[in-house]
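A.B. asks: turn this into a structure:
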Amino acid sequence: MIDHFPSLQQKEPEYYTDELIKGIILVLLVARTDTMSISMEWAMSLLLNHPESIKKIKAEIDANVPEDHLLDEQDLPKMRYLPNEKLTEFIPERDEFKKEEGYMLPFGAGAGRRKCPAGGIANRVLELTLGTLIEAFEWERVSEETMDMTEGTGFSMPKVKALTAKCKPRDATIKHSLVLSSIWLSFIIRKFQFPF
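C.D. replies: Next up, the predicted model:
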């Protein structure tokens, strides 16, 4: 798409200005990274407030993913508990949302023709990332206090108080040396603190 902008600018220089092109590229970058990291922060906050759900996700992954490899995209269809959350309550056990109860619309999914064109893949990446974090690490809150779930302001609805959590590699994960050098670790380091 970026390669296409110069040809558009040559055809319509008055419309495709440098400022317009920079703005479009900025929106693409922000929409891709900001929404994903904020969605992950909300999901991890909810899970840390419900440690019994982390145990259930961990058990589901352990039962469906061989011990010698990490959660992969091919494993996601076997997961029933991992992809579930409800708009106003944290109830992963539910089978599906009912229309009269409302929908959670991450990435603008289901919001008509203006919805995010990458919403489907974004949800899969979110499930895969969340599952891998839970498979690879033991998580807990920094204190006994529950995570603050106050909504902030902004384009992607960030949390008012950033997520801070403790984690350490699970025993089974230490076998997977690739985990410690993977892109997941760079995400974790940026998003979470390591008081251990």
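A.B. asks: what stretches of this structure score poorly on pLDDT?
C.D. replies: 86-117, 155, 173-196 (pLDDT under 70).
A.B. asks: now do the longest helix along it: which elements does it pack against?
C.D. replies: Counting residues, the longest helix found in the chain (DSSP state H) is helix 18-49. Using 3 or more Cβ pairs under 8 Å, 6 or more residues apart in numbering; DSSP states H and E, the elements in contact with helix 18-49 are helix 5-11, helix 51-64, helix 119-136, strand 137-141, helix 183-191. All C-beta atoms are positioned from the backbone trio N, CA, C, and that covers glycine.
A.B. asks: residues touching Y16, list them.
C.D. replies: With contact taken as Cβ atoms under 8 Å, 6 or more residues apart in numbering, Y16 is in contact with 5, 8-9.
A.B. asks: that one in helix, strand or coil?
C.D. replies: Under DSSP: H, G, I helix; E, B strand; the rest coil, Y16 falls in the coil class.
A.B. asks: quick one, phi/psi of it?
C.D. replies: phi -90, psi 70 (degrees, to the nearest 10).
A.B. asks: from D3, how far off is it?
C.D. replies: Y16 sits 13 Å away from D3, going by Cβ to Cβ, to the nearest Å.
A.B. asks: could you do I57 as well?
C.D. replies: I57 is 41 Å from D3, by Cβ to Cβ.
A.B. asks: looking at those two, which is more packed in?
C.D. replies: Shown here are I57 and D3; by other Cβ atoms under 10 Å, I57 has more neighbours (20 against 6).
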